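Trainee: coordinates only, sequence not included:
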């Protein structure tokens, strides 16, 4: 028996839906970061770079509407390797965005997105790393994590004082 066009289209849509990413849960959950209530996004983001660099991002919004994210770093030659660090998301020139953490008491613009001729370009800047690292969004890597797991990693590090 041959599948008809409608069955193939429906099957394709179901398959595409399965590849959308890992949901944190069925509804947004509220957590606390530095004493403030935040709502985690349903889906995480992930970026990859040369030499097995990977950055996982758990976006959230605070009760006052400000955006933030927990960023987890892997495969980087920095003291931040294996860490999950809280960041504020700040608008930048030309519809860009900067993910900003506090490092040694000062703002550190860790992950920067700029638009060049309408295309997003992502660059990672880390302590102990001389030059920026160009990153590319990765749907495959994003499917391997979710915001709740990154938040739990961040919480565990906070309890350990790291």
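Mentor: Thanks, I have the structure now. Just so we're clear, the structure is a prediction, and the values are computed from it rather than from any experiment.
Trainee: going on from the helix or strand of the chain with the lowest mean pLDDT, what's the next piece of helix or strand?
Mentor: Ranked by mean pLDDT, DSSP states H and E, the weakest helix or strand in the chain is helix 5-18, scoring a mean of 38. On the C-terminal side of helix 5-18, the closest following helix or strand by DSSP states H and E is strand 30-33.
Trainee: Direction included, what does that following strand pair up with?
Mentor: strand 36-40 (antiparallel) (DSSP bridges).
Trainee: quick one: contacts of stretch 70-82?
Mentor: 33, 51-58, 60, 83-87, 99, 101, 110-111, 124, 126-129, 133, 145, 147, 150-151, 153-154 (CB atoms under 8 Å, 6 or more residues apart in numbering). For the C-beta atoms, the positions are set from N, CA and C on the backbone; glycine is no exception.
Trainee: Helices of this structure, start to end?
Mentor: 5-18, 139-142, 147-160 (DSSP state H).
Trainee: Would you mark the buried spots in the last one?
Mentor: Taking 16 or more other CB atoms under 10 Å as the basis for neighbour counts, the residues of helix 147-160 that come out buried are 147, 148, 149, 150, 151, 153, 154.
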